[in-house]
Structure formats: C-alpha cells, structure tokens
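Asker: Coordinates for the following, if possible.
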Amino acid sequence: MSAQYPALRLRRTRASAWSRRMHAETVLTPADLIWPLFISEGEGVEEPIASLPGVSRWSVDNVVARAKEARDLGIPCIALFPNTQADRRSDHGEEALNSDNLMCRAIRALKDAVPEVGVLTDVALDPYTSHGHDGLLDDTGYVLNDETADVLVGQALNQAAAGADIIAPSDMMDGRVGLIRAALEGEGRTNVQIMAYSAKYASGFYGPFRDAVGSRGLLKGDKKTYQMDSANAEEALREVALDLAEGADSVMVKPGLPYLDIILRVKSEFQIPVFAYQVSGEYAMIEAAVAAGAAERDGVVLETLMAFKRAGCSGVLTYHAAHAARLLNA
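Answerer: Next up, the predicted model:
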C-alpha cells in the first residue's frame with residue numbers, strides 16, 4: 001500500500017450515502033432471490049405455520065397469486081414444497097410419481113398463469129414417505145442409494161413433464177444427478193436445469209420446514225447416513241465436483257449462514273453458480289430475535305442476504321424473499 005494515514009483515510013469514501021453506494025463491492029437485488037412456497041390441498045387455503053411466523057401453506061390458487069406477487073416484485077423464481085396428505089404417503093413414496101399429485105398440479109397452474117416466473121421443484125421422497133426419509137429403506141432402516149435414485153429419476157421426469165424449469169434434487173443420494181440428467185436428455189428436455197443440493201448438511205436448523213411439509217413427527221431416526229457431517233468441508237468440494245461432472249447447472253449449499261465458508265470455498269474452487277438456502281431455522285431465529293426486541297427485521301434481513309452474496313452466491317432461497325424485495329425496491 002503506497003499511501004499512509006493521513007493521506008489515506010478509508011473513512012473518506014464512507015462519509016456520505018451516495019459515496020457508500022458508489023463504492024459498494026457487492027450488490028443485492030430482487031433478482032438474487034428465490035421464494036420457497038409450501039403447497040396445500042384445497043382452494044382459497046392459507047394455513048399459517050406456527051414455527052415459521054409469517055409463513056403459510058397455500059392452496060394452488062393462492063400459490064399462483066404469490067407467483068404473480070413475485071413477478072411484480074422482480075423475484076425471478078419460486079421453489080415449491082408440497083404438504084402431502086397422510087393417506088397419500090407410503091413406505092415407498094409412490095405419490096411422487098403421480099402425474100396429478102399436488103406438486104404437478106401446482107406446476108401446471110403456475111406455468112399457465114405466470115409463465116415468466118421460473119419454477120424450481122424439490123426432488124426427494126421425504127414429502128411422500130410415511131417414515132419421513134428422503135429415500136427407500138431396507139429392513140434395518142438404512143436408506144438405499146441406487147433403488148432410491150431410480151425413483152428420483154421418475155419423480156424428476158414427472159415434474160419436468162408438468163413444466164418445471166429447474167429440478168433440484170435435495171436427497172443427497174450418490175449418482176442421482178447423472179441419472180436425472182441422462183433421463184431428461186433422453187426425453188428431449190434439454191433446457192430443464194438441475195440445481196443440485198450438493199452440500200446439504202445433517203443440520204439442526206430444519207425443524208420448522210419439517211412442520212411445514214408434515215414430516216417432523218414421521219421421521220424415524222436421523223439423516224446422517226446421507227446428509228453431510230457439519231465437520232466436513234473437503235467432502236463438500238468432492239460432492240460439488242461430482243455433481244458438476246454429472247451435469248448439474250448450478251449447486252446449492254444448505255443451510256446458509258452456518259456454512260458461508262463452504263459457499264466461499266465452492267465459488268473459489270469452481271467458479272460456477274452457487275446458491276444457498278437460508279433455511280427455516282435461520283428464518284425462525286431472525287423472527288424470534290425481532291419478536292424479542294433483539295433485532296430490527298429490515299436491517300438484519302438485508303444484512304444476512306448480503307452476506308450470502310459477498311460469500312459468492314448467485315442467489316438465495318429465503319422465506320424473507322418478498323419482504324426483502326419490497327425493501328430493495330423502495
């Protein structure tokens with residue numbers, strides 16, 4: 001550094017708002033946001049989720065209304081997660097392959113009504129299994145990899161046929177990205193993207209999400225045999241490398257804030273689109289802090305989202321998407 005204090009004063013460029021804007025190294029816009037939405041059966045339904053204050057399950061017609069809101073706010077994409085009714089869950093998750101399931105009906109309605117908004121769909125069996133796991137179980141309760149991957153291919157094709165723009169496998173089975181990519185190519189769906197949950201950690205931050213999709217009380221055991229150990233970073237890079245080699249267009253790190261180091265390392269190593277999921281527990285902690293008077297919502301929401309961008313994210317899945325977009329558009 002050639003200059004020294006007082007010739008060099010780093011506070012000089014911070015002295016006014018216009019200058020701070022001009023010198024900002026990272027920019028956050030509504031186009032950086034993906035809005036996760038929970039779907040419920042029925043019509044005209046809004047079901048508030050107690051552990052996610054401010055978040056609801058929506059019937060398909062109301063999900064369409066949320067997508068129109070996203071469009072008007074400049075949010076380019078929504079992510080869908082179904083709350084499958086108990087009588088449609090089974091040990092093998094067959095409802096995932098039903099072309100008229102809740103997810104597929106929502107996709108079709110969205111692409112008919114708001115085709116300019118991207119639709120990202122979750123590929124995993126936990127919304128459909130009676131045991132709450134992301135895959136098929138053997139007699140000991142171990143999640144079978146290859147047998148599960150075969151079902152995931154069918155689930156992905158089912159969603160793509162309904163009109164999904166981005167297939168997002170969140171199951172963490174080995175090899176599933178390559179199988180899904182080959183199947184999509186085989187059906188001529190060459191422009192369907194894959195956003196792989198490449199570094200999805202076995203986390204304590206998922207509880208409210210499991211409430212939202214109705215799987216919290218169903219889960220037998222834990223998911224540590226397929227989701228990643230929070231102690232591991234090098235393994236995350238190996239997972240990303242494998243998913244990219246198999247045909248992923250982008251990758252995801254989940255959860256978000258506790259794993260900013262992973263986001264940074266993935267971006268630095270591969271220079272590819274990296275997304276983060278600011279998961280339900282992270283959202284709930286912000287809302288709890290706001291309710292307790294320990295934080296101011298607007299500032300904390302934008303600060304955390306900026307942290308993702310600064311770490312290297314191309315975008316963020318966040319339940320605060322609509323609120324953040326309104327702040328950014330003001």
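
Asker: So T304: helix, strand or coil?
Answerer: helix (DSSP: H, G, I helix; E, B strand; the rest coil).

Asker: which residues touch it?
Answerer: 256-257, 278, 282, 286 (C-beta atoms under 8 Å, 6 or more residues apart in numbering). (Each C-beta comes from the backbone N, C-alpha and C, glycine too.)

Asker: if I look at H320, how far off is V290?
Answerer: Using C-beta to C-beta, to the nearest Å, we find H320 at a distance of 11 Å from V290.

Asker: Equivalent analysis for I39, please.
Answerer: For I39 relative to V290 (C-beta to C-beta), the value is 26 Å.

Asker: Let me know the pLDDT of R189.
Answerer: You'll see R189 listed with a pLDDT of 98.

Asker: Just the element for it, please.
Answerer: Take DSSP states H and E as the rule and R189 turns out to sit in neither a helix nor a strand.

Asker: Wait, a strand at E25?
Answerer: No: using three-state DSSP, the secondary structure at E25 is coil, not a strand.

Asker: wait, what's in contact with D174?
Answerer: 145, 149, 242.

Asker: for this protein, what are the low-confidence residue spans?
Answerer: 1 (pLDDT under 70).

Asker: quick one on the thing from earlier: filter the contacts of T304 down to just the ones in helices.
Answerer: Counting by DSSP state H, the part of the contacts of T304 found in helices is 282, 286.

Asker: tell me which of the contacts of T304 is nearest to G207?
Answerer: Using C-beta to C-beta, E282 is the member of the contacts of T304 that lies nearest G207, at 11.3 Å.

Asker: Now do the lengthiest helix in the chain: which elements does it pack against?
Answerer: If you go by DSSP H, the chain has its longest helix at helix 145-162. Counting contacts by 3 or more C-beta pairs under 8 Å, 6 or more residues apart in numbering; DSSP states H and E, helix 145-162 packs against helix 102-113, strand 118-123, strand 166-169, helix 176-186.

Asker: Quickly compare these and say which is most buried.
Answerer: Across the helices and strands packed on helix 145-162, averaging neighbours per residue (mean count of other C-beta atoms under 10 Å) puts strand 166-169 on top, at a mean of 26.

Asker: What is the distance between it and the centre of its chain?
Answerer: Relative to its chain's centre, strand 166-169 lies at 10 Å (C-alpha atoms, centre = their mean, to the nearest Å).

Asker: Are there helices or strands packed against it, and which ones?
Answerer: strand 118-123, helix 145-162, helix 176-186, strand 193-200.

Asker: now A113, nearest residue through space, not along the chain?
Answerer: Excluding the flanking residues, the one nearest A113 by C-beta to C-beta, 6 or more residues apart in numbering is V64, at 4.8 Å.

Asker: quick check, that neighbour in a helix?
Answerer: Yes: according to three-state DSSP, V64 belongs to a helix.

Asker: thinking it is in contact with P115, fair?
Answerer: No: using C-beta atoms under 8 Å, V64 makes no contact with P115, being 11.6 Å away.

Asker: ok, the two, which is more surrounded?
Answerer: The neighbour comparison of V64 against P115 (other C-beta atoms under 10 Å) goes to V64, with 18 against 13.

Asker: all strands for the chain, in order.
Answerer: Listed in chain order, the strands of the chain (DSSP state E) span residues 33-40, 46-48, 56-59, 77-82, 118-123, 166-169, 193-200, 250-254, 274-278, 315-318.

Asker: May I have the phi/psi pair for R216?
Answerer: Main-chain dihedrals, R216, degrees, to the nearest 10: phi -60, psi -50.

Asker: any idea how far the residue nearest to it when sequence neighbours are not counted is from G132?
Answerer: In this structure, R216 finds its nearest non-sequential neighbour in R210, 3.7 Å apart by C-beta to C-beta, 6+ apart. From R210 across to G132, the span is 7 Å (C-beta to C-beta).

Asker: Next, show the common contact partners of the two.
Answerer: 216, 219.

Asker: ok, so of the contacts of T304, who is nearest A164?
Answerer: Q278 (21.9 Å).

Asker: I'd guessed that closest one sits against T318; true?
Answerer: Yes: using C-beta under 8 Å, Q278 makes contact with T318 at a distance of 4.3 Å.

Asker: Residues in contact with both of these two, list them for me.
Answerer: With C-beta under 8 Å, 6+ apart, Q278 and T318 have common neighbours L305.

Asker: thinking again about what came up before, let me have the contacts of D174 in JSON lines, extended by distance to S230 and neighbour count.
Answerer: JSON lines is the format used below for the contacts of D174 (distance: C-beta to C-beta, whole Å; neighbours: other C-beta atoms under 10 Å):
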{"residue": "N145", "distance to S230": "21", "neighbour count": "17"}
{"residue": "A149", "distance to S230": "24", "neighbour count": "21"}
{"residue": "L242", "distance to S230": "20", "neighbour count": "16"}
